[in-house]
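> sequence isn't available, so here's the structure alone:
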């Protein structure tokens, strides 16, 4: 039963990483429609865009908080079996900032999508 829980947590984390870029693109399209005041955007879609935007920005913040608050548990085998995908392939003892690689990577994905969407009205940029 314990292995099943570990698999579920790691599976959820893996799925969140894979769907994060798609979520960023969807939020970017919705923001672009909000900026351009598109007639195709109704109230439900704009509210959904705000909820998705909150999700996109809260995931890296939650990951940062979780990794920093559980820094001493990260090298333990049972902890790594449970949520190892959150910090896989990261050297934990090299620097205290190495655990922030994944949250920074997710923020970078958001920026890659949001900058072009918010600057859509400035074609020379």
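Alright, I've got the coordinates. Keep in mind that this is a model prediction, so the values were computed, not measured.
> which helix of this protein spans the most residues?
For the chain, the longest helix by residue count, based on DSSP state H, is helix 2-35.
> so which elements touch the helix or strand following it?
Using DSSP states H and E, the next helix or strand after helix 2-35 towards the C-terminus is helix 43-69. Where contact means 3 or more C-beta pairs under 8 Å, 6 or more residues apart in numbering; DSSP states H and E, helix 43-69 is packed against helix 2-35, helix 101-118. Where you see a C-beta, it was placed from the backbone N, CA and C, and this is true even at glycine.
> weakest of these in terms of mean pLDDT?
Of all the helices and strands packed on helix 43-69, mean pLDDT reaches its minimum on helix 2-35 (a mean of 73).
> gap between that helix and the chain center?
7 Å (C-alpha atoms, centre = their mean, to the nearest Å).
> and if you look at stretch 84-93?
16 Å.
> for it, measure first residue to last.
Stretch 84-93 has its terminal residues 16 Å apart, counting by C-alpha to C-alpha, to the nearest Å.
> which residues does it contact?
Contacts to stretch 84-93, defined as C-beta atoms under 8 Å, 6 or more residues apart in numbering, come from residues 10, 13-14, 17, 63, 66-67, 74-75, 98-99, 101-102.
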